[in-house]
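**Q** sharing a model that was predicted from the sequence below.
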Amino acid sequence: MKSLSFHLAWRYVMHTHNNASIKHMIRMCFMGIMIGTCALMLTLIITHGFETVISEKIRGINAPITISAPGRRLEEASIKAALMKDFGNDIAGMSGSSIKQVIIDHDESHTVVMVRGITPADEAQVSSLPEKITKPKGAHFIDLLKPEQLLVGYKLAQHLHLSIGDECNVLIPKPRTKKQLKLVKRTATISGFFNVGLEEYDSNMAFIHHETLDQWFNDEGVEQVAVALRKHDEATEIRCCKQFKKRMPQLTIMRWQEQYPALVASLKLEKYVMFFVLALVTLVACMNMISLLFMQIQHKRRDIALFKALGMQPFAIGKIFLWMGMLITTTASLLGLGIAAIIGYLLQHHWRIPLPDVYYVSYLPARLDWSIFLVVFVTTLLLGLIATWLPLRNLKSLHVVEVLRNS
């Protein structure tokens, strides 16, 4: 009976030459579901692309886990020794750093900049900063951060009209007196430019050797220790973060997501909201199925009456129209997903659509993921199933004798 129901549904869908209205309704349903599925899929591909690209950039410049103690300095050597002793198999590298605010003055232009003091050899193990160097090309990262040398963002360099080898004045704040803030001038040489792709780094950040920063501010120790893990999956990060907190409860230990809570929350909210809104659009497209099946049931009243008279069960008759709706929904959604996959592939690998500077990325990102395809396909099938099920209740009100008498 299942094969008979499917066979009849296939004939009802494919052979509609005698009824132009039903033929056009099938086309409208098919096109609506296909376009809705394609739009929903493309939106998720792009929002997932934004989330992935921005996460990669932030994770590239920030280690997965950061250890700090607000208001006091850390003993970098003791923390590294303790972590390597207990969790050495999970840790790929560690780097201590400190962040200070200074004023950089050059060519009658000045701006407040965040200067981050790092140890170059250690920083290369926990971040992708060495890969973000744009000038000079091919320079070794360690050679760019010798004492009294600054590595600055390319947008900051443009704002201050800086070139490689330029000397700039660095104004360092000292503990303020009762009436004024004292600034001490130091000189640094611009050794290179980097391009992270994040506005807050490229326009407001500079890197310097940690020893130089300690000399400028007369400080010892570090403000935070960044920890890179051998595995980059989220489960490993969560597990290691919990273990670090148990091992050092007196310190503040955060994952990179906790350092950017507003950004991470906004990306997730955007993805979920867009999915919900476009799922409603797909639902509206699936609602055309209700009109189509009502028309088809009315058009096939004589066939339905004959099926009942021949002993076909009402449930089996309902499955004919259920199969009909699901055939249209399945083929339309698969075609829509295929079109979205082609466009997403071109966006990811070939097309580069530029975006304004207000975004964290310079071009429209796209990331294909099989789980997104599965979610969209299942969602479309469920919406189509709901739209198909509603008209089937009309079959109960059909009277066999009356239909056969009037036919």
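**A** It's in.
**Q** give me the element residue 284 is part of.
**A** Assigned by DSSP states H and E, residue 284 belongs to helix 261-299.
**Q** output the contacting helices and strands for that helix.
**A** Applying 3 or more Cβ pairs under 8 Å, 6 or more residues apart in numbering; DSSP states H and E, we find helix 261-299 packed against helix 20-61, helix 314-349, helix 370-392. For glycine as for every other residue, the C-beta is placed from the backbone atoms N, C-alpha and C.
**Q** which stretch among those helices comes nearest residue 305?
**A** Closest of these to residue 305 is helix 314-349, at 10.0 Å (criterion: Cβ to Cβ).
**Q** now the closest one: buried residues?
**A** Within helix 314-349, the residues that count as buried by 16 or more other Cβ atoms under 10 Å are 317-329, 332-333, 335-337, 339-341, 343-344, 347.
**Q** ok now it, how far from the chain's centre?
**A** 26 Å (Cα atoms, centre = their mean, to the nearest Å).
**Q** name the element residue 117 belongs to?
**A** strand 109-118.
**Q** that strand pairs with which strands?
**A** Strand pairing for strand 109-118, using DSSP bridges, gives strand 91-106 (antiparallel), strand 205-209 (parallel).
**Q** which positions in the longest one come out as buried?
**A** Across strand 91-106, burial judged by 16+ other Cβ under 10 Å covers 91, 93, 94, 95, 96, 97, 98, 100, 102, 104, 106.
**Q** okay, these in a markdown table with distance to residue 264 and pLDDT next?
**A** A markdown table is the format used below for the buried residues of strand 91-106 (distance: Cβ to Cβ, whole Å; pLDDT from 0 to 100):
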| residue | distance to residue 264 | pLDDT |
| --- | --- | --- |
| 91 | 24 | 84 |
| 93 | 24 | 85 |
| 94 | 24 | 86 |
| 95 | 23 | 87 |
| 96 | 25 | 85 |
| 97 | 22 | 86 |
| 98 | 25 | 86 |
| 100 | 26 | 87 |
| 102 | 29 | 86 |
| 104 | 31 | 86 |
| 106 | 35 | 80 |
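**Q** identify the farthest-apart pair in those.
**A** Counting by Cβ to Cβ, the most remote pair of those is 91 and 106, 39.4 Å apart.
**Q** look up phi and psi at residue 166.
**A** Dihedral angles phi and psi of residue 166 (degrees, to the nearest 10) take the values phi -70, psi 150.
**Q** burial count for it?
**A** 16 (other Cβ atoms under 10 Å).
**Q** which residue is the nearest non-sequential neighbour of it?
**A** residue 190 (4.7 Å; Cβ to Cβ, 6 or more residues apart in numbering).
**Q** wasn't the one you found part of a strand?
**A** Yes: assessed with DSSP: H, G, I helix; E, B strand; the rest coil, residue 190 lies in a strand.
**Q** from here on, count from 5
**A** Right, with 5 as the first residue, what we last looked at is residue 194.
**Q** hmm, residue 167 and it touching each other?
**A** Yes: contact status for residue 194 versus residue 167: in contact at 7.0 Å, counting by Cβ atoms under 8 Å.
**Q** run through this structure and note the low-pLDDT ranges.
**A** 5-6, 13, 16-17, 19-24, 179-183, 303-305, 307-308, 312-313, 360-364, 397-411 (pLDDT under 70).
**Q** quick one on the thing from earlier: relative to residue 151, which of the strands paired with strand 113-122 is closest?
**A** strand 209-213 (5.6 Å).
**Q** please tell me how far the most centrally placed residue in the chain sits from residue 242.
**A** Nearest residue to the geometric centre of the chain (Cα atoms, centre = their mean): residue 55, 1.7 Å. Taking Cβ to Cβ, to the nearest Å as the measure, residue 55 falls 18 Å from residue 242.
**Q** then residue 296?
**A** From residue 296 to residue 242 the distance is 48 Å (Cβ to Cβ).
**Q** those two: which has the busier surroundings?
**A** Applying other Cβ under 10 Å to residue 296 and residue 242 shows that residue 296 carries more neighbours, namely 25 against 14.
**Q** need the contact list for that one.
**A** 26, 29, 30, 32, 33, 329, 332 (Cβ atoms under 8 Å, 6 or more residues apart in numbering).
**Q** which among these count as buried?
**A** 26, 29, 30, 33, 329, 332.
**Q** what sits against the fourth one?
**A** Residues touching residue 33, when contacts are defined by Cβ under 8 Å, 6+ apart, comprise 289, 290, 292, 293, 296, 332, 336.
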